[in-house]
Each structure stands twice: as C-alpha cells, then as structure tokens.
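>>> Below: sequence and its predicted model.
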Amino acid sequence: MLVTRQKVLRRFWYAVVPMSHLDDGPKPFTLLGENIVLWKGAGGKPHALRDRCCHRTAKLSKGFVDSTATSPVAITAGPMTAPASA
C-alpha cells in the first residue's frame, strides 16, 4: 500500500512552506496526494483548503486573496462579476 493512502497520516499537522512564501498570494501544494492551496488571511494567519472552488470548480491557487470579503474564506477564484460602472 502506498504511504499516501495511509489514513493515520492524515491525523497530523505538517510544516509545508515558510510563512514568507505566502506573502505573494495563494500557493498550490500537494500533500499526501491531495491538491491544497495555502494563503495568509487577515492578520497574517495561515489557511489551507482543497485547491478547488466548490462553486466554480476553478483552482483557488489561481485566484487572489480578497481583503474586502466578509466570508471567512477570503479567496476568490477569479473575476466573479464585471466591475460596477460609476
């Protein structure tokens, strides 16, 4: 059996990248065969999710961190709407 298929390994925390690498926005990473996205949220707190938007199935790592969002997951997969005209 592959090591990445061992369920017990998913119970632990893993250091995967230095915090300074997350300063430029979301970063893709593969851990135990799972595609994840890492980014810094408000106050520099690190976050991790599966690298897939549940609404649009786009890769979150290709998006940007939206500091104006009210959602706890403040990462946008891409342009959702056209800019409002003045």
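Ah, there it is.

>>> ok, what's across the strand from the residue nearest in space to the middle of the chain?
Central residue of the chain (CA atoms, centre = their mean): residue 37, 2.9 Å from the mean position. Counting by DSSP bridges, residue 37 is bridged to residue 28, residue 49.

>>> For it, give its distance to residue 60.
Noted for residue 37: a distance of 4 Å to residue 60, by CB to CB, to the nearest Å. All C-beta atoms are positioned from the backbone trio N, CA, C, and that covers glycine.

>>> again, but for residue 15
21 Å.

>>> Low-confidence stretches in the protein?
Along the chain, segments meeting pLDDT under 70 span 1-4, 67-86.

>>> where do the helices sit along it?
Shown for the chain, no helices are assigned by DSSP state H.

>>> Please, where are all the strands along it?
Secondary structure of the chain, counting by DSSP state E: strands at 27-31, 34-40, 46-50, 64-65, 75-76.

>>> Tell me which residues are up against the second one.
Think strand 34-40. The contact list for strand 34-40, computed with CB atoms under 8 Å, 6 or more residues apart in numbering, reads 16-17, 19, 22-23, 25-30, 46-52, 59-61, 65, 75.

>>> again, only this time at 6 Å
Contacting residues not belonging to strand 34-40 are listed as 22, 26-29, 46-49, 51, 60-61, 65, 75 [CB atoms under 6 Å, 6 or more residues apart in numbering].

>>> Looking only at neighbour counts, state which of residue 15 and residue 60 leads.
The neighbour count for residue 15 versus residue 60, taken as other CB atoms under 10 Å, is higher for residue 60 (26 against 5).

>>> That one contacts residue 48, doesn't it?
No. Here residue 60 does not reach residue 48: they are 10.4 Å apart, not a contact under CB atoms under 6 Å.

>>> so how far is residue 52 from the spatially closest residue to residue 44 that is not a sequence neighbour?
Using CB to CB, 6 or more residues apart in numbering and skipping the chain neighbours, the partner closest in space to residue 44 is residue 19 (7.5 Å). Between residue 19 and residue 52 the distance is 23 Å, computed by CB to CB.
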